[in-house]
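Chemist: I'd like to go over a predicted model; first the sequence, then the structure.
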2 protein chains.
Amino acid sequence: MKKTSLKDIASQLGVSPTLVSFVLNDRGDEKGVSKETQKRVKTLARKLNFKPNVLARSLRTGSSKTIGLIIADISNNFYAVIAKSIEDQASLYGYNVIFMNSEEDSVKERKMVDLLIDRGVDGLIIASTSHGREDMRKLRDSKIPFVLIDRYIPGVKTSYVIVDNYQGAFDMTNHLLSTGKSKVALLYVTPSHLTTMKSRILGYKDALRKHGVAVNKRLIREIRHDEISEKMALELKELVLEENIQSIFFLNNKLATAGLELLNKFDLRIPQDISIAAFDDIDLFRFSYPTITSVIQPKVKIGEKAFEILFEKIKGGESTSEVRQIVLPVELAVRDSCGSNMAKRLSGL
Amino acid sequence: MKKTSLKDIASQLGVSPTLVSFVLNDRGDEKGVSKETQKRVKTLARKLNFKPNVLARSLRTGSSKTIGLIIADISNNFYAVIAKSIEDQASLYGYNVIFMNSEEDSVKERKMVDLLIDRGVDGLIIASTSHGREDMRKLRDSKIPFVLIDRYIPGVKTSYVIVDNYQGAFDMTNHLLSTGKSKVALLYVTPSHLTTMKSRILGYKDALRKHGVAVNKRLIREIRHDEISEKMALELKELVLEENIQSIFFLNNKLATAGLELLNKFDLRIPQDISIAAFDDIDLFRFSYPTITSVIQPKVKIGEKAFEILFEKIKGGESTSEVRQIVLPVELAVRDSCGSNMAKRLSGL
DNA sequence: CTGAAAGCGCTTACAG
DNA sequence: CTGAAAGCGCTTACAG
């Protein structure tokens, strides 16, 4: 059976498609359609199981009620939770979300942005791996509302929702130092322009300085995001054997997970031999042995805020070109991997 | 600047939109457009940064190059990995994916199916929580290709990609019994019509019988999927205190995670006091203390196969109404939570 | 109170 | 080799 269209209803009722359209879009009263007629239209529409063709409507109105979501990798819990939160929120407002995985590839990301725009999305939420200005300028020129999450582009005025990376890293480094282990190594991932990593590194350095500890560049290591499993062992060996570090701060959950696995394999005791901490909390850190001290990011909130702002922009039209920049606070989850907590628990026994 | 359309190019070149359309869809040769003209069209299109309006094309052709994905919850790693795999595959073929979280709510799911169809998706991949026949009949009537993943609807002929739930549960129960702990409790989640759970329960029962162990209904407990954290403690207490169980087989990763947390809290030693095992492997199980023995599901493969089949159906049109039913094999990851492995390792010291 | 008509931007039979 | 025209299914100014 063919799908019923506006015309079908109109012809069966002997009225015009125009009228049917008005009634079905709840503009019947406004347009002064008689209650009687409205009821007839609605009844028949229901009976025929009429569903407006969303494509046709979008083509005509220019609004697709769809937003695009570009993240690095949906299988990373960080993005998965954010994606869930965005979809939940979007569906509340009748919006659907198309998602894509950029895999931290800025070329891919650019293509995805174009693809999504071609699809007629009303707005975009992007955890951008883009290097910047150029892409953002194009985006702004396209007049399509968008909000960045997790990372922002320095020097470019765009709306974003991020977390307080600096403070989180600062606090965590403080915590590490407070346990007396002043040789703190830092591991972060590239692409190196990621603002998340930059802010966290800064927080780490400032915390060291505050404690009068000189920043030692040899203790700061980078690993490409797609080579974590290959390169982690090497870095760890150097840090442990050559630099005699006392603790490691992993700047994302993947690094920490890979690091933990290896440290266990090396038979290094955590936290006795070495303390570790992570940025971004995942379930695993509450269950691992030992449990991992980490910086908790408000993932659900990130998604909610991002959609909220995007929605405002979509509704507001050109007028709402106002730039909204949200920095959400983070929290420390102190567990056993840095010693302080375990020592406390043991002394309580 | 306004987006350029076919017409813009046509008028600037003094040709018809028809011709431009032919050329840009690489049907120039077929239609016998002169090489010369083709080049002019393509050059201008590139210069004007022409992007065909996907909506208009979809409206006209009836193909949107979009598929819909309905899963229970993208923040569950099981679905996230599958979703990643589907999107990877889809983008290879120029398809985009709209995803929705049904949260195991069959009413929501039904609405989502309608929504997605209204959006003009070319096909659907669904981890269905539906009770069945009625919904599937509607889906089939809508003539839109779809493939089920993870669960199927018993007695309804549809294409699906699932795993060998029966065998996985059978093997795992065998393994549990082989360690000498014959009082094996089983925890599963409702909605109770989920075929995954049913097959796993069957596998468990058959394994018991094979070992001459009577199935004890008191050892089989169900928990609503959205009440796991609230109800787990109660069930566990009863099982441990009243039933004196020796091991627990958790039928999904959420149950196992919640169970592990509580068992640790109760200060029960795993596996000395109690063995545990899980269906569906997640990272956490390799890091927890002890590591958790689990059934590994080929998640990436599920996604790939599902898209592959869906794609065939989309391409094949009505003719490919062939029903494809794929049951992927699972694997056991034997770790420390059931004793056998740990004992082996210790004896090796 | 209601309708005829244009148009969103494509594609595709049809005609020459 | 190329073009005029219809049509996908809506919405919306315009007219009466």
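Modeler: Okay, I see it. Numbering: from 1, shown residues only, chains lettered A, B, ... in the order given.

Chemist: domains of chain A?
Modeler: Using automatic domain parsing, the domain ranges for chain A come out as A:6-52, A:65-163+A:300-329, A:165-297+A:333-348.

Chemist: looking at the ones you listed, spot the one closest to residue B:99.
Modeler: Across the domains of chain A, residue B:99 has its closest neighbour in domain A:65-163+A:300-329 (5.9 Å, Cβ to Cβ). C-beta coordinates here come from the backbone N, C-alpha and C atoms, glycine included.

Chemist: tell me where the stretch 201-349 of chain A has helices.
Modeler: Ranges of helices in the stretch 201-349 of chain A, per DSSP state H, counting those that start in this stretch, are A:228-237, A:253-265, A:284-287, A:299-316, A:340-348.

Chemist: let's have those helices in CSV, adding distance to DNA strand D, mean neighbour count and mean pLDDT.
Modeler: Converted to CSV, the helices of the stretch 201-349 of chain A look like this (distance: least, Cβ to the nearest atom of the strand, whole Å; neighbours: other Cβ atoms under 10 Å in any protein chain shown; pLDDT from 0 to 100):
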stretch, distance to DNA strand D, mean neighbour count, mean pLDDT
helix A:228-237, 48, 16, 94
helix A:253-265, 44, 21, 93
helix A:284-287, 47, 21, 93
helix A:299-316, 14, 21, 95
helix A:340-348, 59, 12, 57
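
Chemist: rewinding a little: could I get the domains of chain A as a markdown table with distance to residue B:65?
Modeler: Output for the domains of chain A, formatted as a markdown table (distance: least, Cβ to Cβ, whole Å):
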| stretch | distance to residue B:65 |
| --- | --- |
| domain A:6-52 | 20 |
| domain A:65-163+A:300-329 | 9 |
| domain A:165-297+A:333-348 | 28 |
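
Chemist: nearest to chain B, of these?
Modeler: domain A:165-297+A:333-348 (3.2 Å; Cβ to the nearest Cβ).

Chemist: weakest of the domains of chain A by average pLDDT?
Modeler: The weakest mean pLDDT among those belongs to domain A:6-52, with a mean of 86.

Chemist: please state the offset of that domain from the chain centre?
Modeler: On the basis of Cα atoms, centre = their mean, to the nearest Å, domain A:6-52 sits 42 Å off its chain's mean C-alpha point.

Chemist: before we move on, what about stretch A:52-59?
Modeler: 30 Å.

Chemist: where do the strands of the stretch 151-300 of chain A begin and end?
Modeler: All strands of the stretch 151-300 of chain A, identified by DSSP state E, counting those that start in this stretch, fall at A:160-163, A:184-190, A:220-224, A:247-250, A:275-279, A:293-296.

Chemist: dump those into CSV; add distance to residue B:252 and mean neighbour count as well.
Modeler: Below are those laid out as CSV (distance: least, Cβ to Cβ, whole Å; neighbours: other Cβ atoms under 10 Å in any protein chain shown):
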stretch, distance to residue B:252, mean neighbour count
strand A:160-163, 31, 25
strand A:184-190, 31, 23
strand A:220-224, 33, 18
strand A:247-250, 29, 28
strand A:275-279, 26, 27
strand A:293-296, 25, 25
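
Chemist: would you turn the ones you listed into CSV with distance to DNA strand C?
Modeler: Shown next, in CSV, are the strands of the stretch 151-300 of chain A (distance: least, Cβ to the nearest atom of the strand, whole Å):
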stretch, distance to DNA strand C
strand A:160-163, 30
strand A:184-190, 39
strand A:220-224, 39
strand A:247-250, 48
strand A:275-279, 45
strand A:293-296, 46
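
Chemist: is it possible to export those to a markdown table including distance to residue B:299?
Modeler: As requested, those are exported to a markdown table (distance: least, Cβ to Cβ, whole Å):
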| stretch | distance to residue B:299 |
| --- | --- |
| strand A:160-163 | 29 |
| strand A:184-190 | 24 |
| strand A:220-224 | 24 |
| strand A:247-250 | 25 |
| strand A:275-279 | 24 |
| strand A:293-296 | 25 |
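
Chemist: of all the ones you listed, which lies closest to residue B:134?
Modeler: With respect to residue B:134, and counting by Cβ to Cβ, the nearest of the strands of the stretch 151-300 of chain A is strand A:160-163 at 41.5 Å.

Chemist: tell me which strands and helices the closest one is in contact with?
Modeler: Packing contacts for strand A:160-163, counted by 3 or more Cβ pairs under 8 Å, 6 or more residues apart in numbering or on different chains; DSSP states H and E, involve strand A:146-149, helix A:299-316, strand A:325-328.

Chemist: which one of these lies nearest to residue B:31?
Modeler: Of the helices and strands packed on strand A:160-163, nearest to residue B:31 by Cβ to Cβ is strand A:146-149, at 38.7 Å.

Chemist: contacts for the closest one next, please.
Modeler: Here strand A:146-149 makes contact (Cβ atoms under 8 Å, 6 or more residues apart in numbering or on different chains) with A:82, A:123-128, A:139, A:158-162, A:302-303, A:306, A:309-310, A:313, A:324.

Chemist: do the same with stretch A:42-49
Modeler: Against stretch A:42-49 from outside (Cβ under 8 Å, 6+ apart): A:4, A:8-9, A:12-13, A:20, A:23-24, A:50.

Chemist: among those, name the ones in helices.
Modeler: A:8-9, A:12-13, A:20, A:23-24 (DSSP state H).

Chemist: weed out the non-buried ones from those residues.
Modeler: Neighbour counting over the ones in helices among the contacts of stretch A:42-49 (16 or more other Cβ atoms under 10 Å in any protein chain shown) leaves A:8-9, A:13, A:20, A:23-24 as the buried ones.

Chemist: of the residues you listed, which is the nearest to DNA strand D?
Modeler: Of all those, DNA strand D sits closest to residue A:24, with 6.3 Å by Cβ to the nearest atom of the strand.

Chemist: now the closest residue in space to that closest one that isn't next to it in sequence: how far from DNA strand C?
Modeler: Nearest non-adjacent residue to residue A:24, counting by Cβ to Cβ, 6 or more residues apart in numbering or on different chains: residue A:45, 6.1 Å away. Distance of residue A:45 to DNA strand C, given as Cβ to the nearest atom of the strand, to the nearest Å: 15 Å.
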